[in-house]
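J.: return a 3D structure for these sequence lines:
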Amino acid sequence: MRTADPGFFGPSSVTWQLHSDPAMWIAGVRALYLQALHPRALRGVLQNSDFRQDAWGRLLRTANFVGTISYGTTEAAERAAARVRGIHRRLKATDPDSGERYGVDEPALLLWVHCAEIDSYLYVAQHSGLPVSDAEADRYIDEQRASARLIGLDPHGVPADRAELAAYFTRIRPQLAAGPEAHDVDDFLRRPPIHPLLTPARELLWRRVENLAYGTLPPWAHTLYGRPAPPPETVDLRLRATSNLLRCIPARVRWQLPPKHILRAMARLGPGSRPAPYTPRGQTAILDTPGRAQRGDGGDSTRWRTPG
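T.: All right, here's what the predicted structure looks like:
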């Protein structure tokens, strides 16, 4: 009997558990704030997409891609990644000062996007009440080198643990700035355009998510944006409260978005594959089962397949 394909991560991985938590939606907005501080990367997005006109669609497409590579089969993840790489290869941006044309698939730009996302997912997870140990955090960063490979990066040049990720941000800091385009993103995220009837919901729900996402940014990012945030202790308390409230929504309701990736993975792999990163008693480890997270290559970090 053929064994079901767990994809690139599988139920014993930290990725499988962490990405199922609703706090990841807050982390996704944090990642947007962080990514917007790289002028060259942001220019590539704004010059080649309809972000301002279809921001919600872009967010959902990004969530769908993350869901596919996290919970889909190996074939589905490779196919989705190949589409993204193909799109990136065709896109160019122009530096307004020098007139230089450059590709949005430059490895340095892809690495920035990757590191900003992983840092955001991990930071929000650890500060929202998920029991993620330092060792599990390092395993998560290492696991995500598989995602980096899928978008076209050499995984050996991608941070593999917290120390390497911190060193990367130290190196990249001099290149970061909050120019007019970053402030446009900030304004957009604070007041995204919606139907007038939904304005009360935006003020009640979205502003809380946006405020939390901005508040969780590192202090140097607040300085670049030029607007303050509450003290980290206050942000953590609000983040835990909001995340715990979201976790009260039944998982099978939450897992409808992104479109049923987790539910389909559970149907494919059986009930033992159900992600369970958090319990109200908060004493269990993030991994459902004993043992360390495993990659499909058996855990040898030097073995990576070439993107298809």
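J.: list the buried residues of stretch 218-231.
T.: 221, 222, 224, 225, 229 (16 or more other C-beta atoms under 10 Å). Every residue, glycine included, has its C-beta placed from N, CA and C.
J.: what's the farthest-apart pair in these?
T.: 224 and 229 (12.1 Å; C-beta to C-beta).
J.: other SSEs contacting the helix or strand harbouring residue 187?
T.: Per DSSP states H and E: residue 187 is located in helix 180-190. When contacts are defined as 3 or more C-beta pairs under 8 Å, 6 or more residues apart in numbering; DSSP states H and E, helix 180-190 packs onto helix 23-35, helix 39-46, helix 207-215, helix 219-225.
J.: let's see it at 6 Å
T.: Helix 180-190 sits against no helix or strand, with contacts defined as 3 or more C-beta pairs under 6 Å, 6 or more residues apart in numbering; DSSP states H and E.
J.: starting at the chain centroid, how far to that helix?
T.: Chain-centre distance of helix 180-190: 19 Å, with C-alpha atoms, centre = their mean, to the nearest Å.
J.: from here on, count from 33
T.: Taking 33 as the first residue, the last one we looked at is helix 212-222.
J.: what angle separates it from helix 239-247?
T.: For helix 212-222 against helix 239-247, the angle by axes from the mean of the first three to the mean of the last three C-alpha atoms, to 10 degrees is 140 degrees.
J.: low pLDDT regions in the stretch 33-182 of the chain?
T.: Applying pLDDT under 70 to the stretch 33-182 of the chain flags residues 33-34, 82-88.
J.: change it to 80
T.: 33-35, 81-91 (pLDDT under 80).
J.: all strands of it, in order?
T.: All strands of the stretch 33-182 of the chain, identified by DSSP state E, counting those that start in this stretch, fall at 124-126, 133-135.
J.: let me know the angle separating the helix ranked longest in the chain from helix 55-67.
T.: If you go by DSSP state H, the chain has its longest helix at helix 139-159. Relative orientation of helix 139-159 and helix 55-67, computed by the same axes, to 10 degrees: 140 degrees.
J.: run the chain-centre distance for helix 139-159.
T.: Mean-position distance between helix 139-159 and its chain equals 6 Å (C-alpha atoms, centre = their mean).
J.: check stretch 261-276 too.
T.: Counting by C-alpha atoms, centre = their mean, stretch 261-276 comes out at 19 Å from the chain centroid.
J.: hey, C-alpha coordinates of that stretch in CSV?
T.: Extracted in CSV, the C-alpha atoms of stretch 261-276 (Å, rounded to 0.1, in the frame of the first residue of the first chain):
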residue,chain,number,x,y,z
ALA,A,261,4.4,51.8,19.5
PRO,A,262,3.3,50.6,23.0
PRO,A,263,6.0,49.1,25.2
PRO,A,264,6.8,45.4,24.3
GLU,A,265,5.2,44.1,27.5
THR,A,266,1.9,45.8,26.6
VAL,A,267,2.1,44.5,23.0
ASP,A,268,2.7,41.0,24.3
LEU,A,269,-0.3,41.1,26.6
ARG,A,270,-2.6,42.3,23.8
LEU,A,271,-1.2,39.8,21.4
ARG,A,272,-1.8,36.9,23.7
ALA,A,273,-5.3,38.1,24.5
THR,A,274,-6.2,38.5,20.8
SER,A,275,-4.6,35.2,19.8
ASN,A,276,-6.3,33.3,22.6
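J.: can you list the buried residues in that stretch?
T.: 261, 267, 268, 270, 271, 274, 275, 276.
J.: likewise for stretch 290-301?
T.: Buried residues in stretch 290-301 (16+ other C-beta under 10 Å): 290, 293, 294, 296, 297, 298, 301.
J.: can you list contacts of it?
T.: Stretch 290-301 has contacts (C-beta atoms under 6 Å, 6 or more residues apart in numbering) with 36, 52, 95, 96, 99, 103, 287, 305, 306.
J.: so what's residue 175 closest to, chain neighbours aside?
T.: residue 47 (4.9 Å; C-beta to C-beta, 6 or more residues apart in numbering).
J.: and residue 266, by the same measure?
T.: Nearest non-adjacent residue to residue 266, counting by C-beta to C-beta, 6+ apart: residue 247, 7.9 Å away.
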